[in-house]
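>>> pasting the sequence and the predicted coordinates here, then a few questions.
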Amino acid sequence: MWMAIMLILVSAGVYVFKSCLNAPGDVIGKTGRALADVASAFRRGTITTSFVSYATTISNYHRLQFATLKQTEIFTRSEAPITGFGYIPLPEVVVEARAPVEYTYYLDLNDKWEMTLKDNVLYVYAPPIKFNKPAVDASAISYEVRKGYVKTAEAQENLKKSVTSLVAVKGKENIPLVRETGRKQTAEFVEKWLARSFADGSKYAVKVYFPGETPSDGVKIILPPPQ
């Protein structure tokens, strides 16, 4: 029995010793794969896939949200003059609504992202800026009659029904107001991803462009080779 116990202890010691010898090599091997350089990732064509996977893991969504815009919108509706008794034209009715609205802007990770590398600069061609359905604080909307006195209640109701479509139009019009914020936030996010994902990631500058924009130095998109 004692011989059996000693044999077990010796075998366990040999296993632990062998594991300790192999551990540094295993760690180095795994770390080497994890800390591949940016150029290698481009050659393998995995750069965009890696970015989307990282962004999804960090945010838990397939969206890269970068700005929330809160502002009070003013909407005006005019009702055309109508004919009253004796064919006398009645004045135009103008009603106004003031509504606090919140817009959230983001980039969709499932949309098309392009990246190209040149002279230690990573050029990121992001997808179009999108926004969630604008959140209107219905309890804080105020209405006011600016002109007229006949059928103002009807005009006000018509304006109330159109607020949803009006804020959607306004959300699109506000995109230029958040574009530079989106560019800055996206660049910072990509820089963090590079630094955490690649051994040499911190040495690369990042420039972000949106659809319709072209780098001033004439850099063109270079698609990775098919896998």
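Here it is on my side, so go on. From a predicted model like this one, the values you see are computed outputs, not experimental measurements.

>>> all strands for this protein, in order.
63-79, 93-108, 114-118, 121-125, 130-131, 135-136, 142-147, 205-209 (DSSP state E).

>>> quick check: angle from the third one to strand 121-125?
Note on geometry: by axes from the mean of the first three to the mean of the last three C-alpha atoms, to 10 degrees, strand 114-118 and strand 121-125 are set 160 degrees apart in direction.

>>> and strand 114-118, what does it pack against?
Other elements packing on strand 114-118 under the criterion 3 or more C-beta pairs under 8 Å, 6 or more residues apart in numbering; DSSP states H and E are helix 38-44, helix 47-59, strand 121-125. To be clear about C-beta, it is placed using only N, CA and C from the backbone, and glycine gets the same treatment.

>>> now with 7 Å, please.
Under the contact criterion of 3 or more C-beta pairs under 7 Å, 6 or more residues apart in numbering; DSSP states H and E, strand 114-118 touches strand 121-125.

>>> what about the nearest residue to F42 once chain neighbours are set aside, how many neighbours?
Leaving out its chain neighbours, the residue that sits closest to F42 by C-beta to C-beta, 6 or more residues apart in numbering is L117, at 5.6 Å. Residues lying near L117 (other C-beta atoms under 10 Å) number 16.

>>> any idea how far S59 is from L117?
24 Å (C-beta to C-beta, to the nearest Å).

>>> can I get the strands of the chain in JSON lines with distance to F42?
Listed next are those as JSON lines, based on distance: least, C-beta to C-beta, whole Å:
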{"stretch": "strand 63-79", "distance to F42": "21"}
{"stretch": "strand 93-108", "distance to F42": "21"}
{"stretch": "strand 114-118", "distance to F42": "6"}
{"stretch": "strand 121-125", "distance to F42": "9"}
{"stretch": "strand 130-131", "distance to F42": "27"}
{"stretch": "strand 135-136", "distance to F42": "40"}
{"stretch": "strand 142-147", "distance to F42": "55"}
{"stretch": "strand 205-209", "distance to F42": "14"}
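
>>> among those, which gets the worst mean confidence?
Mean pLDDT is lowest for strand 142-147 among the strands of the chain, at a mean of 71.

>>> on that earlier part again, what's the distance between the residue nearest to F42 and R43?
Going from L117 to R43 by C-beta to C-beta gives 10 Å.

>>> again, but for K112
Distance, K112 to R43, using C-beta to C-beta: 21 Å.

>>> what do you get for T116?
Relative to R43, T116 is positioned 13 Å away (C-beta to C-beta).

>>> residues contacting H62?
By C-beta atoms under 7 Å, 6 or more residues apart in numbering, the residues touching H62 are T56, D108, L109, N110.

>>> find the nearest non-adjacent residue to it, please.
Once flanking residues are discounted, H62 sits nearest to L109: 4.6 Å by C-beta to C-beta, 6+ apart.

>>> contacts only, for the one you found.
With C-beta under 7 Å, 6+ apart, L109 has these contacts: V52, A55, T56, H62, R63, L64.

>>> show me which of those residues are buried.
Neighbour counting by 16 or more other C-beta atoms under 10 Å classes V52, A55, R63, L64 among the contacts of L109 as buried.

>>> the second one reaches Q65, doesn't it?
Going back to what we said before, that points to A55. No. Judged on C-beta atoms under 7 Å, A55 makes no contact with Q65 at a distance of 10.7 Å.
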